[in-house]
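Enquirer: what shape does this take:
(2 chains)
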Amino acid sequence: MKRQWLDILVGTKPLPEDILERAELLEFADSHHVLGQMAEVWKDTATGKTRDVFDNGLLRARFDRNMLRNEMERVERAFMGTGLSPILIKGASYVAQGLDAGKGRRVSDIDILLHEDEIGQAEELLKAAGWAFDEATDNTYDQNYYRTKMHELPPLRHKTRRTIIDVHFKLLPRTSRTKVQSDLFIDAALPLEGRKLRVFTAADRLLHSAIHSFADGSFDTPARSLIELKYLFADIQEAEHEGLLARAKTVGAVLPLAYALWALAEFFKDPLALGLLEKSGVKPSRLICWTISHKLEHIDTAPFAKALLYIRSHYMRMSLPQLFWHLATKSFRRIKPQPELPLPPGFQ
Amino acid sequence: MVNFAPVSSYSSQELAAALKAGSLEVALGPFTARAKGEGKPLRSFLQDTYRDVMVRLSLSDVTDIALDVRAPSLLRKYIRPQVIPDPGFQVPAVPLPKSMSGLAFEMGLNLVVALKCCRFVTFHAGVVANDKGAILMSAESGGGKSTLVAALMEEGYRLYSDEFALLNMPDARLASYPRPVSLKNESIEIVRDFAGGDWVSPVISDTPKGKIAYRRARPEDITEAGETAVTKLVLFPRFEAGVRASARGLRRAEAIMRLIPSSTNYHLLGEQGFNALRKMLDGAEAFEITYGTTDDSMKMVRDLAAKVGL
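Expert: Sure thing, here's the model as predicted:
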């Protein structure tokens, strides 16, 4: 994609006059799941066929919003009377709170976060309410792997509605190189207005988004991730910027935040982000910055940048011996079924 | 802004160049499509089957649909060439021999309309209309829907659509979407008999669905594109060899419940979709018709059409 498209996606630069470029931009936005978000900022000014295309994005986003509202009610119902109050995270929370980052956003599944000690109970409650593990992950190895190495349970799918819920007990895999204090995020969460669920504070929301983009995974939805960071950063008052740096230190997210600030300065020319990055004194790796830029600009090609980010994502996730054993077991399991292993305590 | 003109008004070279550049803009009722693809099979399919459809060679506006008919891999571009429709998102499409590029084009268009275009409630159905209103025919594949559509075209009805009934949500009217009528196996001969050989494309044999040919949309169907009609008659045709023809009236609720599963996007559109569907059925009568021959079905449809004032 072209760098300048990012500004158009968030409405700070006008739609391209050149028809071929405009067509390519709309097709890009659609295939990279940001058409609804783009449509939200342009719906009042776009006309004719451009408006028609945006309508498709708006209608889909409306469906996702309705789905999310229904699912939130079902989740609340499942936890009713237990004293547990799950925290909505990622896209679902932006949409539920009506944040700019959630306007027109696609939501395909719901992510919730609970304290590690509450996971066993939460799992039972969700299962009682009709959610179940998919066949693919309903085996001892996967169940063990998710619980002892990852940061979430295997995805739970509702038996009749087919909706998916991801239940997190950490923000990053247990094996991850970046050590984030997930419990501090949980302790600081606030009630979601009018609901029995909770959400992160504005600062924690941005930090989690930065962690998700730059300390986990291989930056696979660059356009969506950067738009998200831009809106979440804009939600934080300038007076609270110092506090954001302090919070990043406390929770252990200094480096992901630095990459996020670098990206906002680099792609949206945000002077506040640049100032804050300088103040933080952290220097992001130039190689990683280059690969991120390169992957964004050559989103569907860039084999080298893609490979590098892919390798980095595994490097960040777990140590080499761990990765080796995991891949070996996965391949072995394809040939021969694994003997039953006991579940770790607390996960029975 | 360049104006639209029929495919037949352009030379093979012009069309091939526009297809190669991906700048061929095809007008299809309320939708426009940007078509891309290389090679003679696709170009001659469009020249034959889309002969009277309006296109322009250079992109003059953004489009609802962008469809690239391309090789699934570099290998299959050159060795025993194959094509798949690529609408810009993952689709469950089997690669077809390059000679069947036209089929891949049709499959691709159908997938995009079914999965991406949510401005209309989309039903898998055939629609014809005259000045008084429209007949909507909802049937599963093999129900004889396309043959009925083609037969009604001979009786003074305009082709609205063979594949999708497009229900406009604000006014609950059906939009004209005149794409070629897709005919399979035995129905090809039947339609060739009454439509005339010139109106049916050459047969594509050995496709995953057997033999396929297309009954072309006529200029009078296409100039009416962009038009809408009120639904007067909703039919659920069922072909059963040797059975005696019969029609059974359906109540509105039953008709709605039978139409919903045939929609590709009803579940996405919520209340707005439901209200449009209810409003459409308010002004229409619905019947299940069972028949053993095309003649029988036509007699029944004529009677029912007369009854509702078409």
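Enquirer: what helix or strand is A:L207 on?
Expert: Element membership for A:L207 (DSSP states H and E) is helix A:202-214.
Enquirer: can you find the helix or strand of chain A with the lowest average pLDDT?
Expert: Every helix and strand of chain A was ranked by mean pLDDT, DSSP states H and E. The lowest is helix A:320-335, at a mean of 74.
Enquirer: got the contact list for it?
Expert: Outside helix A:320-335, the residues within contact range by CB atoms under 8 Å, 6 or more residues apart in numbering or on different chains are A:Y141, A:Y145, A:K149, A:T175, A:H314, A:R317, A:M318, A:Q338. In short, each C-beta sits where N, CA and C put it, glycine included.
Enquirer: could you list the buried residues of that helix?
Expert: A:H326 (16 or more other CB atoms under 10 Å in any protein chain shown).
Enquirer: distance between it and the chain's centre?
Expert: 26 Å (CA atoms, centre = their mean, to the nearest Å).
Enquirer: contact partners for residue 127?
Expert: Chain wasn't specified; assuming chain A. Here A:K127 is in contact with A:L156 (CB under 8 Å, 6+ apart).
Enquirer: my question was about chain B, not that one.
Expert: Residues near B:V127 by CB under 8 Å, 6+ apart: B:A134, B:I135, B:L136, B:M137, B:V149, B:Y160, B:S161, B:A165, B:L174, B:Y177.
Enquirer: and B:Y291, by the same measure?
Expert: Each residue near B:Y291 by CB under 8 Å, 6+ apart is listed here: B:G144, B:P237, B:R238, B:F239, B:E240, B:V243, B:A245, B:S246, B:S297, B:M300.
Enquirer: relative to B:N110, how far out is the second one?
Expert: Spatial separation of B:P237 from B:N110 under the definition CB to CB, to the nearest Å is 20 Å.
Enquirer: intersect the contacts of helix A:320-335 with the contacts of chain B.
Expert: With CB under 8 Å from any CB of the partner chain as the criterion, these include none near chain B.
Enquirer: in the chain, which ranges drop under the pLDDT threshold?
Expert: Just so you know, I chose chain A. Within chain A, the ranges that satisfy pLDDT under 70 run A:218, A:333-348.
Enquirer: oops, I was thinking of chain B
Expert: Ranges of chain B meeting pLDDT under 70: B:1, B:142, B:224-225.
Enquirer: residues in it within reach of chain A, list them.
Expert: Within reach of chain A by CB under 8 Å from any CB, chain B has these residues: B:23, B:32, B:34, B:59-64, B:66, B:88-89, B:116-119, B:267-270.
Enquirer: hang on, B:F4 packs against B:D52?
Expert: No: with contact defined as CB atoms under 8 Å, B:F4 does not reach B:D52; the gap is 11.5 Å.
Enquirer: give me the nearest residue to whichever residue of the stretch 201-310 of chain B sits closest to chain A, chain neighbours excluded.
Expert: Distance from chain A to each residue of the stretch 201-310 of chain B (CB to the nearest CB) is smallest for B:L268, at 4.5 Å. Spatially, and ignoring its direct neighbours in sequence, B:L268 is nearest to A:F63 (4.5 Å; CB to CB, 6 or more residues apart in numbering or on different chains).
Enquirer: could you look up the SS state of the one you found?
Expert: Secondary structure, DSSP: H, G, I helix; E, B strand; the rest coil: A:F63 is helix.
Enquirer: what about it, how many neighbours?
Expert: 19 (other CB atoms under 10 Å in any protein chain shown).
Enquirer: and the residue nearest the centre of chain A, how far from A:L309?
Expert: Nearest to the mean C-alpha position of chain A, by CA atoms, centre = their mean, lies A:K90 at 5.0 Å. A:K90 sits 20 Å away from A:L309, going by CB to CB.
Enquirer: sorry, back to before: what is the helix holding A:L207 packed up against?
Expert: Judged by 3 or more CB pairs under 8 Å, 6 or more residues apart in numbering or on different chains; DSSP states H and E, helix A:202-214 is in contact with helix A:90-97, helix A:182-188, helix A:222-234, helix A:241-251, helix A:254-268.
Enquirer: so what touches that helix?
Expert: By CB under 8 Å, 6+ apart, the list of residues contacting helix A:202-214 from outside reads A:89-90, A:93-94, A:171-172, A:178, A:180, A:185, A:188-189, A:199-200, A:219, A:225, A:228-229, A:232-233, A:235-236, A:240, A:243-244, A:247-248, A:251, A:253, A:255-257, A:259-260, A:263.
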